[in-house]
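Q: got a sequence here, can you model it:
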Amino acid sequence: MTTTDAVVIGSGPNGLVAANLLVDAGWSVVVLEEQDRPGGAVWSDDTVAPGHVHDTFSSFYPLAAGSPTIRGLELEQHGLEWVQAPSVVGHSFPGGRWGVLHRDRHDTAVSLDADCSGDGEAWLKLCETWDRVGDDLIRCLLTPFPPVRGGAGLARRVLRPGGFELVREMLMPARTLVEKLFGGEAARLLVAGNAAHADIGLESPGSAAMGLLLVLLGQSVGFPVPRGGAASFSGAMVRRLEQKGGELSLGEPAVGVRVEGGRAVSVRTAGREITARRAVLADVSAPALYGGLVGWDDLPARLRHRMQRFEWDPSTVKVDWALDAPVPWEGAPESMPGTVHVADSLDQLSLTGAKVAAGLVPERPFLLVGQMGVADPTRVPAGGESLWAYTHVPQRVRGDAATDGDGLPRVRGTWDDADLEAMAERVEARIESRAPGFRNRITARRVLGPRQLEALDSNLAGGAINGGTAGLHQQLVFRPVAGSGRAETPVRNLYLASASAHPGGGVHGACGSNAARAALWHNRFRTSWRRT
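A: This next block holds a predicted model:
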């Protein structure tokens, strides 16, 4: 039997962050990973076509660049190098119009003002407010609830001009906010498009938070990518862990957590049992932990009842292409963004989200597009492009929004080959409408639907990429269930370290950091109590 101070289940970004923080504190750590490679949803591969590197899951990392936890690991000393596209993010409209978030805020303001007079000034005022409160706001969002230290700093700063207003704006519905702040579609869709990364409807309170967070981080730190592919990010965390004495075991899934006297004491795999002297940290989804790795007999009945109300975020369909030339965008901006959003209007963006929430597969989906060769030329052959696009679809499909007049193959929600082909057709048609001749440049393609994504990373249950809905009813003290909000679980020495815990999805490492710090604090407290 193996014995260690802590067992971390899962080597996604949260698990690797937690393991690194524990080895920094002098603990011995074993990380168990069911796949034959580390990283969870932070990985890359060249299986679409030789020489074309695609990020298999997540891709652009403003939250990582803005995260005090990730910065504190100093991964640059372990081989990580961040690179940026010429501009941050763009929104492609019909007819070749663009809204572009440039690297420099004044360039952004000039372009927004050209679309609608006054929007540039409004943008600069928003950036100035972020300068005053942004760091403390990030600290509040990424630390355990309640955010005592970050909250104190934020409380001091919100008293300054614009502080309370920014906090109020983040709590607004995204649609209300953008229509209040801006007169033009370019500015409105830059914010609303980023808000649509989450699964909160644009008309729902709190949906503005994601949009503002991403565009303001984009304006301050950009949308960086790891040179060479997302695997470079995970690889740097693994190298740091192993250089400090941590152990990573690949291809060894955990099958259960042994609980004795209300305390987690070991983790079982198919071939061994690992005793955890101090803690078990689970970078797995809440449903995989509660009633899965830990049986209901070892958990309170009220938790079982509350977990019946746990809600996943929508499913995802992602298409990767190898191209023999850049995307022929109509009206392409001189400073090309690495990330491109495709939606015709604010109304269409709202309607698309509403269809997904209603269980309908959109006939003209909202697309998030990544141009990896634009952001990092080392990932593509000379003159080529590694392109991807993903879109949200319902977890449970009740119908297809396409009508007979659309002339589209129907999607049934079984996500078999026919469904994936039908969705890929819709996605390609959307890009072709903005970039005539796009299809002629495709040399290879891969389609990853809900089943494929979950097979590659079991935390992406049904293709959900955020560990559960980002709706207000499952955030803060309601994440993953009412009465939570922290990494601690009802089992002593067991901590939830995945995106199912507060603060939720995104590659920021906060869920892993919060779990590691909770384990360290409880261990110190118990040790001090025993000595006393």
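Q: what's the neighbour count on residue 321?
A: Around residue 321 there are 27 other residues, counting by other Cβ atoms under 10 Å. Using the backbone N, CA and C atoms, a C-beta is placed for each residue, glycine as well.
Q: run through the residues that contact residue 374.
A: By Cβ atoms under 8 Å, 6 or more residues apart in numbering, the contact list for residue 374 reads 85-86, 326, 336-338, 385.
Q: er, residue 470 I mean
A: Counting by Cβ under 8 Å, 6+ apart, residue 470 makes contact with 198-200, 210, 313, 504-505.
Q: okay, domains of this protein per the record?
A: Annotated domains of the chain cover 2-36+250-310+467-531, 82-226+314-456 [automatic domain parsing].
Q: one step back: scan the contacts of residue 374 and report the most crowded one.
A: residue 337 (30 neighbours).
Q: let me know the pLDDT of that residue.
A: Model confidence at residue 337, given as pLDDT, is 98.
Q: ok, it to residue 228 distance?
A: 20 Å (Cβ to Cβ, to the nearest Å).
Q: do the same with residue 317
A: Using Cβ to Cβ, one gets 26 Å for the distance from residue 317 to residue 228.
Q: neighbour count winner among the two?
A: Neighbour count, other Cβ under 10 Å: between residue 317 and residue 228, residue 317 has more, with 27 against 18.
Q: A strand includes the more buried one, no?
A: Yes. Residue 317: assigned to a strand according to DSSP: H, G, I helix; E, B strand; the rest coil.
Q: leaving out chain neighbours, which residue sits closest to it?
A: What sits nearest to residue 317 in space, not counting adjacent residues and going by Cβ to Cβ, 6 or more residues apart in numbering, is residue 423, at 4.7 Å.
Q: and what of residue 44?
A: Excluding the flanking residues, the one nearest residue 44 by Cβ to Cβ, 6+ apart is residue 229, at 3.0 Å.
Q: list the contacts of that neighbour.
A: Going by Cβ under 8 Å, 6+ apart, residue 229 touches 44-45, 53-55, 376, 379.
Q: please apply the same query to residue 78.
A: Residue 78 is in contact with 236-237, 239-240, 243, counting by Cβ under 8 Å, 6+ apart.
Q: out of those, grab the one that's most surrounded.
A: Counting neighbours by other Cβ under 10 Å, the top entry in the contacts of residue 78 is residue 237, with 26 neighbours.
Q: mind checking the SS state of that one?
A: Taking three-state DSSP as the rule, one finds residue 237 in the helix state.
Q: if I look at it, how far off is residue 16?
A: Residue 237 is 4 Å from residue 16, where distance means Cβ to Cβ.
Q: can you check residue 402 too?
A: Taking Cβ to Cβ, one finds residue 402 at 41 Å from residue 16.
Q: which one of the two has more residues nearby?
A: residue 16 (31 against 19).
Q: name the element residue 469 belongs to?
A: Using DSSP states H and E, residue 469 is not contained in any helix or strand.
Q: tell me how many other residues crowd it.
A: Neighbours of residue 469 using other Cβ under 10 Å come to 22.
Q: am I right that it is in contact with residue 199?
A: Yes. Residue 469 is within contact range of residue 199, at 5.5 Å (criterion: Cβ atoms under 8 Å).
Q: now the common contact residues for those two.
A: residue 313.
Q: stretch 487-495: end-to-end distance?
A: Distance across stretch 487-495, first residue to last, is 5 Å (Cα to Cα, to the nearest Å).
Q: so which residues of the stretch 101-250 of the chain form helices?
A: With DSSP state H, counting those that start in this stretch as the criterion, the stretch 101-250 of the chain has helices at 105-115, 119-142, 148-158, 163-170, 174-181, 185-195, 207-220, 230-243.
Q: so which of these gets nearest residue 92?
A: With Cβ to Cβ as the criterion, residue 92 lies closest to helix 185-195 of the helices of the stretch 101-250 of the chain, at 9.5 Å.
Q: how about residues contacting the closest one?
A: So helix 185-195 is contacted by 89, 91, 93, 97-101, 111-112, 115-116, 119, 122-123, 174-175, 177-179, 181-182, 202, 207-215, 218, 341, 343, 345-346, 349, 366 (Cβ under 8 Å, 6+ apart).
Q: which of those are buried, as a ChimeraX select command?
A: Selecting only the buried entries of these in ChimeraX, with 16 or more other Cβ atoms under 10 Å as the criterion:
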select :89,91,93,98,99,100,101,111,112,115,116,119,122,123,174,175,177,178,181,182,202,207,208,209,210,211,212,213,214,215,218,341,343,346,349,366
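Q: which regions of the protein lie under the pLDDT threshold?
A: 145-164, 526-532 (pLDDT under 70).
Q: please name the nearest non-neighbouring residue to the residue positioned nearest the centre of the chain.
A: The centre of the chain sits closest to residue 506, judged by Cα atoms, centre = their mean, with a distance of 2.8 Å. Distance criterion Cβ to Cβ, 6+ apart; nearest residue to residue 506, sequence neighbours excluded, is residue 63 at 4.5 Å.
Q: so what's the one you found up against?
A: The contact partners of residue 63, by Cβ under 8 Å, 6+ apart, come to 217, 506-508.
Q: how about residues contacting the helix or strand residue 274 falls within?
A: Using DSSP H and E, residue 274 sits in strand 273-282. Residues outside strand 273-282 that contact it (Cβ under 8 Å, 6+ apart): 1-10, 15, 18-19, 22, 27, 30, 32, 257-258, 264-268, 289, 293, 493-498, 512, 515-516, 519, 522-523.
Q: how far away is residue 60 from residue 214?
A: Counting by Cβ to Cβ, the gap from residue 60 to residue 214 is 10 Å.
Q: likewise for residue 409?
A: Distance of residue 409 to residue 214, computed by Cβ to Cβ: 33 Å.
Q: that older thread, show me what contacts the residue nearest to the centre of the chain?
A: Neighbours of residue 506 in contact, by Cβ under 8 Å, 6+ apart: 63, 466, 499.
Q: helix, strand or coil for the second one?
A: Right, the one you point to is residue 466. coil.
Q: number of residues surrounding residue 277?
A: Using other Cβ under 10 Å, residue 277 has 15 neighbouring residues.
Q: meant to ask about residue 24
A: Here the number of neighbours of residue 24 (other Cβ under 10 Å) works out to 16.
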